[in-house]
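Trainee: Here you go, sequence then predicted model.
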Amino acid sequence: MKPPQGPKIPPILQIIRLMSDPLGYLEATSKLYGDIFTSSFIFDAPTVFVSHPEGIKEIYTNKNIASPGELNRNAAHTSGEKGILQLDGLKHKNRRQIMLPAFHGTRIQAYGQRIYDLTDEVMSKQIIGKPFSAYNTMKIFTLKVILSAVLGLREGEQYEKIEKELHSMLNCPQYPFWELSASIPFLRRDFGSWSPWGYFLRIKQRLQELLYAEIDKCRQQENFTSNNLLSLLVSAKDESNEPLSNEEIHDLILAPLFAGRDAAATAISWSLYWTHHLPAVREKLLQELDSLGESPDIMSIVRLPYLSAVCNEALRLYPTQVFTFPRRVESTVELMGYELSPGTVVIGNIYLTHQREDLYPEPKQFRPERFLEKQFSPYEFLPFGVGERYCMGAALVIFEMKLVLAKILLGYQLELATQQPERPKRDTLNFPPASGLKMVLRGQSSQSNSNSFPIEFATNVNH
């Protein structure tokens, strides 16, 4: 058996093509080499990309294929040296068990009213009849949500400072040549505040000081009954039954803070696009929402089958992750008829899996009904990854998508500023609408005053 074939062009040209048109490059490569191909443009070792569900399942169930944190070293400048992406084994398992409750169950349900209120807040700032960028608006919204979930912050001077620095840091990729500096070790140096990396380091330092102040403030509290992630980490014990250090807590909160804005904003933006681009989808959604009557409670909304299908279909077309996190072959394995030697890196190609004709007929078409007709396995539909590094914030993103979409459809009359089809555009790891999704507010709907969560929901949730 031989390893799978792949592109023959030099790695640097593969990187250029991938950065200029990532999704197009992946589709073109798949047409040439099929469900599994080898490339070396990310790691020094041969890297095998797999888009067949059975192959992805094998990657995650074969004991000879591991998921070492060292493969995520390139993300350490934003996710921290001791962040969740860099951890392995028992330590990784322990930290995930500590962190997961902040983004699941009753804790995220408690954000329901805040999500509704924040949706009103950002929509109220739009001028009737004037086009606005839905994607940029949603980035403002999703950052406010993640600051609540991670730090428990909603307002005040400290909140505004952290929000400002986070926005600046997350927008660094828009700085000229920043991505080039981030990807080449030699350029990751401080040449002064005028240089891309120097600019980034100064923002990072200011944000670090603010976050350490929040950690110290949280430690001084007498009890930790809050919903937020920071409180969970401060009150937690590690695998040796010792408290976590300030440095580790700082690094553990970085990944959720950075991932919580753009991924959620991209997902919400696409759901808004499809529901306003396809009138039949919008009408069907409105009928389903109207069936709940006035002032529907939160769980009735999130359980709606067609609303769930719409959100899933938006995530299928443009998932929050194009690839799974990398894994490494520890001893020789056979994968889909190919032999992979130790040291080979294997990656699930989520985007191409979601584009498979055999799984999703007419994959370029937005058809939510496919999720009502069939239940897909975790290796067929995996917009947030799979396995032990599955995105911890997945439930919160879906929760936000459903509530924002419901609130806007019920409360506001929006329309697309143009009928030109939207195309995805790479924004670091995400693929939001290329135009930023220009929309126009025409006014509030007649239902806008009646559709808010009941007061008793906010007071009866078990925190």
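Mentor: Ah, there it is.
Trainee: How is the most centrally placed residue in the chain classified with respect to secondary structure?
Mentor: Using Cα atoms, centre = their mean, the residue of the chain that lies closest to the mean C-alpha position is Ala263, 3.3 Å off. Secondary structure assignment for Ala263 (DSSP: H, G, I helix; E, B strand; the rest coil): helix.
Trainee: Could you give the average pLDDT over whichever strand or helix holds Ile15?
Mentor: Counting by DSSP states H and E, the element that carries Ile15 is helix 11-20. Mean pLDDT, helix 11-20: 80.
Trainee: Stretch 300-316 too?
Mentor: Across stretch 300-316, the per-residue pLDDT values average to 97.
Trainee: Quick one: name whatever helix or strand follows the helix holding Ile15.
Mentor: helix 22-33.
Trainee: just how off-centre is that following helix within its chain?
Mentor: The chain centroid and the centroid of helix 22-33 are separated by 23 Å under Cα atoms, centre = their mean, to the nearest Å.
Trainee: quick thing: my sequence starts at 32, can you match it?
Mentor: That works, and once the first residue is 32, the last one we named lands at helix 53-64.
Trainee: Next, the angle from it to helix 42-51.
Mentor: Helix 53-64 and helix 42-51 are oriented at 130 degrees to each other (axes from the mean of the first three to the mean of the last three Cα atoms, to 10 degrees).
Trainee: other SSEs contacting the lengthiest strand in the chain?
Mentor: Assignment by DSSP state E gives strand 469-475 as the longest strand of the chain. Applying 3 or more Cβ pairs under 8 Å, 6 or more residues apart in numbering; DSSP states H and E, one finds that strand 469-475 makes contact with strand 162-164, strand 443-447. Every residue, glycine included, has its C-beta placed from N, CA and C.
Trainee: repeat that with 10 Å
Mentor: On a contact count with 3 or more Cβ pairs under 10 Å, 6 or more residues apart in numbering; DSSP states H and E, strand 469-475 meets helix 143-155, strand 162-164, helix 165-182, helix 277-308, helix 425-442, strand 443-447.
Trainee: Can you list the buried residues in the first one?
Mentor: Going by neighbour count (16 or more other Cβ atoms under 10 Å), the buried part of helix 143-155 is 143-147, 149-151, 153-154.
Trainee: can you pull out the strands in the chain?
Mentor: 67-70, 78-81, 96-97, 162-164, 358-360, 364-366, 369-371, 376-379, 443-447, 469-475.
Trainee: Surely Ile139 and Lys433 touch.
Mentor: No: under the criterion of Cβ atoms under 10 Å, Ile139 makes no contact with Lys433, lying 11.3 Å away.
Trainee: Residues in contact with both of the two, list them for me.
Mentor: The contact sets of Ile139 and Lys433 overlap at 146, 333 (Cβ atoms under 10 Å, 6 or more residues apart in numbering).
Trainee: ok, back up a step: show me what the helix holding Ile46 is in contact with.
Mentor: With contacts defined as Cβ under 10 Å, 6+ apart, helix 42-51 is touched by 37-41, 55-57, 59-60, 70-73, 75, 210-211, 214, 457.
Trainee: CA atoms only: put that helix into PDB for me.
Mentor: Extracted in PDB, the C-alpha atoms of helix 42-51 (Å, rounded to 0.1, in the frame of the first residue of the first chain):
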ATOM      1  CA  PRO A  42       4.000  24.100  -0.700                       C
ATOM      2  CA  ILE A  43       4.400  27.800  -0.900                       C
ATOM      3  CA  LEU A  44       2.200  27.900  -4.000                       C
ATOM      4  CA  GLN A  45      -0.400  25.700  -2.300                       C
ATOM      5  CA  ILE A  46      -0.400  28.200   0.600                       C
ATOM      6  CA  ILE A  47      -0.900  31.100  -1.800                       C
ATOM      7  CA  ARG A  48      -3.800  29.300  -3.500                       C
ATOM      8  CA  LEU A  49      -5.300  28.300  -0.200                       C
ATOM      9  CA  MET A  50      -5.200  31.800   1.200                       C
ATOM     10  CA  SER A  51      -6.600  33.500  -2.000                       C
END
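Trainee: gap between it and the chain center?
Mentor: Its chain's C-alpha centre and that of helix 42-51 lie 23 Å apart, by Cα atoms, centre = their mean.
Trainee: mind listing what's buried in it?
Mentor: 45, 48-49.
Trainee: do stretch 86-97 as well
Mentor: Buried residues in stretch 86-97 (16+ other Cβ under 10 Å): 86-91, 93, 96.
Trainee: same question for stretch 416-432, mean pLDDT?
Mentor: Mean pLDDT, stretch 416-432: 94.
Trainee: chain center to that stretch: distance?
Mentor: 7 Å.
Trainee: Quick one: neighbours of Pro392, just the number.
Mentor: As a burial measure, Pro392 scores 10 neighbours (other Cβ atoms under 10 Å).
Trainee: Against Arg347, how distant is it?
Mentor: Note on Pro392: its distance to Arg347, by Cβ to Cβ, to the nearest Å, is 13 Å.
Trainee: Give the residues shared as contacts by the two.
Mentor: Common contacts of Pro392 and Arg347 (Cβ under 10 Å, 6+ apart): 398, 401.
Trainee: residues near Leu371, how many?
Mentor: By other Cβ under 10 Å, 27 other residues sit near Leu371.
Trainee: What's opposite it in the beta bridge?
Mentor: Val364 (DSSP bridges).
Trainee: quick one: contacts for it?
Mentor: Residues in contact with Leu371 (Cβ under 10 Å, 6+ apart) are 32, 34-35, 67, 69, 77, 79, 90, 93, 95-96, 359-360, 362-365, 377.
Trainee: Verify the stated contact: the residue nearest to the centre of the chain with Pro350.
Mentor: Yes: applying Cβ under 10 Å as the test, Ala294 and Pro350 come out as touching, 9.4 Å apart.
Trainee: any shared contact partners between these two?
Mentor: Listed as contacting both Ala294 and Pro350 by Cβ under 10 Å, 6+ apart are 414-415, 461.
Trainee: Specify which member of the residues you listed is nearest to His307.
Mentor: Using Cβ to Cβ, the shortest approach to His307 within the shared contacts of Ala294 and Pro350 belongs to Asn461, at 20.1 Å.
Trainee: Tell me the spacing between the closest one and Asn125.
Mentor: Counting by Cβ to Cβ - Asn461 and Asn125 are separated by 29 Å.
Trainee: So which of these two has more stuff around it?
Mentor: Neighbour totals were compared for Asn461 and Asn125, and Asn461 leads with 23 against 17 (other Cβ under 10 Å).
Trainee: for the more buried one, which residues make a bridge with it?
Mentor: Asn461 has these beta-bridge partners by DSSP bridges: Asp458.
Trainee: Leu468 versus that one, what's the distance?
Mentor: Distance from Asn461 to Leu468, counting by Cβ to Cβ: 13 Å.
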